[in-house]
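Undergrad: Mind folding the following:
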Amino acid sequence: MKNILLIITILVFVFACNTSKKIVPAKNETLKVKTGDTIKISGDNLEYDVVIIEPGFGTYLAINAKPKGFYNQNFLENRNLRYVQEWNRRVLSPSRYNSNLYEFEINYRQGIDYGYDVNYKMYNYFIYFQNKYNQNLLGTRVPPN
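TA: Predicted coordinates for the structure are as follows:
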């Protein structure tokens, strides 16, 4: 459960990078799987990073997730916005929902272009999270992927 705390903490900080940095990756996206199944997601324009530390998520993403391009960015943004809204509602209701799962709010705002890769991996994390912890964020059947 402490991993969940760390994951949520990191997911909460979908943040803008310092624009004065001169880091330029070889590709538009950076994906690193390290010990403990750490995934680092960098947006196309390097303005947003998400780090997910969750055992099994890297394997899930590589094996079970729908391929990139299966969903369009608009679908992912809309779904992520709904997931984040429900997630944050659960954070604010610790007596009703497991506070070990929902510890910190996620700062994900409508109208900001986080890029396809950030949205794709966030969406897949929400699917993974719901399946792994038997949660249902939107009140509908969770795709098993």
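
Undergrad: Every contact and neighbour count from this point should use C-alpha atoms.
TA: Will do.

Undergrad: Show me where this structure has its helices.
TA: 2-12, 57-63, 73-91, 116-132 (DSSP state H).

Undergrad: Mean neighbour count, those: which tops it?
TA: Stretch with highest mean neighbour count among those: helix 116-132 (a mean of 20; mean count of other C-alpha atoms under 10 Å).

Undergrad: tell me the angle of that helix relative to helix 73-91?
TA: 50 degrees (axes from the mean of the first three to the mean of the last three C-alpha atoms, to 10 degrees).

Undergrad: Any stretches of the chain with poor pLDDT?
TA: Flagging of the chain using pLDDT under 70 yields the residue ranges 1-50, 141-145.

Undergrad: if you set the cut-off to 90 instead, what comes out?
TA: 1-55, 57, 103-104, 106-107, 109, 111, 114, 138-145 (pLDDT under 90).

Undergrad: Please tell me how far residue 87 sits from residue 128.
TA: 14 Å (C-alpha to C-alpha, to the nearest Å).

Undergrad: actually residue 139, not the one I typed
TA: For residue 139, the distance to residue 128 - C-alpha to C-alpha - is 16 Å.

Undergrad: Roughly how far does residue 79 sit from residue 71?
TA: Per C-alpha to C-alpha, residue 79 is found 11 Å from residue 71.
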